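[1] Model the structure of this input:
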Amino acid sequence: MIDLTPEEFSKEVEDKVEAMEDGYIEAILSLCEEYRVEPALASKFLSKSIINKLHNEGLDLNILPDTAKLPI
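    Just a heads-up that it's a prediction; the model follows:
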């Protein structure tokens, strides 16, 4: 179980991204191993900004489908 608040966990994710010089996916999975929790549980501790960064990383790596946008 994670004994941190969502803010503390999100801060640890940001720190891990900087320290590892890797992406958010790797940082989150690394913290999940460290705290021995499933990624589905850890997802509840992520801030909106990290979720957005994670989504953008998924798009960049072609893990998530690119959504069509209408020109405005």
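
[2] next one: the longest helix along the chain to chain centre, how far?
    If each helix of the chain is counted by residues according to DSSP state H, the longest one is helix 6-20. Taking CA atoms, centre = their mean, to the nearest Å, one finds helix 6-20 lying 9 Å from the centre of the chain it belongs to.

[3] residues in contact with the helix or strand following it?
    Taking DSSP states H and E as the definition, the helix or strand that follows helix 6-20 towards the C-terminus is helix 24-35. Contacts of helix 24-35 with the rest of the structure, by CB atoms under 8 Å, 6 or more residues apart in numbering, involve 1-2, 9, 12-13, 16-17, 20, 38-39, 42, 46, 50, 53-54, 57-58, 61. C-beta here means a position set from N, CA and C on the backbone, and glycine is covered the same way.

[4] Go through helix 24-35 and flag the buried ones.
    Along helix 24-35, the positions that meet the burial threshold by neighbour count (16 or more other CB atoms under 10 Å) are Y24, A27, I28, S30, L31, C32, Y35.

[5] now stretch 43-60
    Neighbour-count burial for stretch 43-60, with 16+ other CB under 10 Å as criterion, is recorded at F45, L46, I50, K53, L54, E57.

[6] Equivalent analysis for stretch 10-25, please.
    For stretch 10-25, the neighbour count (16+ other CB under 10 Å) marks S10, E12, V13, E14, K16, V17, G23, Y24 as buried.

[7] Output it as PDB - backbone C-alpha positions only.
    C-alpha atoms of stretch 10-25 as PDB (Å, rounded to 0.1, in the frame of the first residue of the first chain):
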ATOM      1  CA  SER A  10       3.100  12.800  -7.800                       C
ATOM      2  CA  LYS A  11       6.100  14.700  -6.500                       C
ATOM      3  CA  GLU A  12       8.000  11.400  -6.300                       C
ATOM      4  CA  VAL A  13       7.100  10.600  -9.900                       C
ATOM      5  CA  GLU A  14       8.400  14.000 -11.000                       C
ATOM      6  CA  ASP A  15      11.600  13.500  -9.000                       C
ATOM      7  CA  LYS A  16      12.100  10.000 -10.500                       C
ATOM      8  CA  VAL A  17      11.600  11.400 -14.000                       C
ATOM      9  CA  GLU A  18      14.300  13.900 -13.500                       C
ATOM     10  CA  ALA A  19      16.700  11.400 -11.700                       C
ATOM     11  CA  MET A  20      16.200   8.600 -14.300                       C
ATOM     12  CA  GLU A  21      16.100  11.000 -17.300                       C
ATOM     13  CA  ASP A  22      13.500   8.700 -18.600                       C
ATOM     14  CA  GLY A  23       9.800   9.000 -19.200                       C
ATOM     15  CA  TYR A  24       6.800   9.000 -16.900                       C
ATOM     16  CA  ILE A  25       5.800   5.400 -17.800                       C
END
